[in-house]
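Novice: Can you look at this prediction? I've put the sequence above it.
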Amino acid sequence: MVTFYSLRERNIGGRGVLFALGWFESEYNYGWAGDSELLGTVHAPWDKEYNLVAIYPNFDQFDIVDEESYRALFDEVANILASVQIEGAEYSPA
């Protein structure tokens with residue numbers, strides 16, 4: 001799993017979490033992630049399926065220091081995630 005942050009938000013004292021991307025076996029229960037979105041599924045040549053999942057922060061657990069700047073960046077996340085493409089595997093977008 002890889003987590004992406006707002007550096008500005010972190011530098012002024014916030015947690016700055018924007019989202020995380022994780023690969024999980026298709027039968028794995030990632031319900032612990034709370035607010036998550038299935039982006040697609042990869043069918044590996046060794047007969048396994050993996051889900052690419054975006055995990056979003058739980059805003060009830062932390063405050064945003066610079067709301068305007070953070071929200072603008074967070075809103076761009078949808079554009080970034082929509083452009084994700086997987087090469088070298090059979091990928092099915094959600």
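Specialist: Sure, I can see it.
Novice: Partner strands of the helix or strand harbouring residue 4, with direction?
Specialist: Per DSSP states H and E, residue 4 falls inside strand 2-5. Using DSSP bridges, the strands paired with strand 2-5 in its sheet are strand 17-25 (antiparallel).
Novice: Show me which residues of the following helix or strand past the strand it pairs with are buried.
Specialist: As assigned by DSSP H and E, the chain's next helix or strand after strand 17-25 is strand 36-43. Buried residues in strand 36-43, defined by neighbour count with 16 or more other C-beta atoms under 10 Å: 36, 39, 41, 42. Using the backbone N, CA and C atoms, a C-beta is placed for each residue, glycine as well.
Novice: Check which helices and strands strand 36-43 sits against.
Specialist: Using 3 or more C-beta pairs under 8 Å, 6 or more residues apart in numbering; DSSP states H and E, the elements in contact with strand 36-43 are strand 49-55, strand 90-93.
Novice: tell me which residues in the longest one are buried?
Specialist: When neighbours are counted by 16+ other C-beta under 10 Å, the buried residues of strand 49-55 are found to be 50, 51, 52, 53, 54, 55.
Novice: if we can go back for a sec, make a markdown table from the helices and strands packed on strand 36-43 and add mean pLDDT and distance to residue 2 to it.
Specialist: Formatted as a markdown table, the helices and strands packed on strand 36-43 follow (pLDDT from 0 to 100; distance: least, C-beta to C-beta, whole Å):
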| stretch | mean pLDDT | distance to residue 2 |
| --- | --- | --- |
| strand 49-55 | 89 | 10 |
| strand 90-93 | 72 | 17 |
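Novice: closest one to residue 73 among those strands?
Specialist: Closest to residue 73 of those, according to C-beta to C-beta: strand 49-55, at 14.9 Å.
Novice: quick one: the next helix or strand along the chain from the closest one to chain centroid distance?
Specialist: Going down the chain from strand 49-55, the next helix or strand is helix 67-82, by DSSP H and E. For helix 67-82, the separation from the chain centroid amounts to 12 Å (computed by C-alpha atoms, centre = their mean, to the nearest Å).
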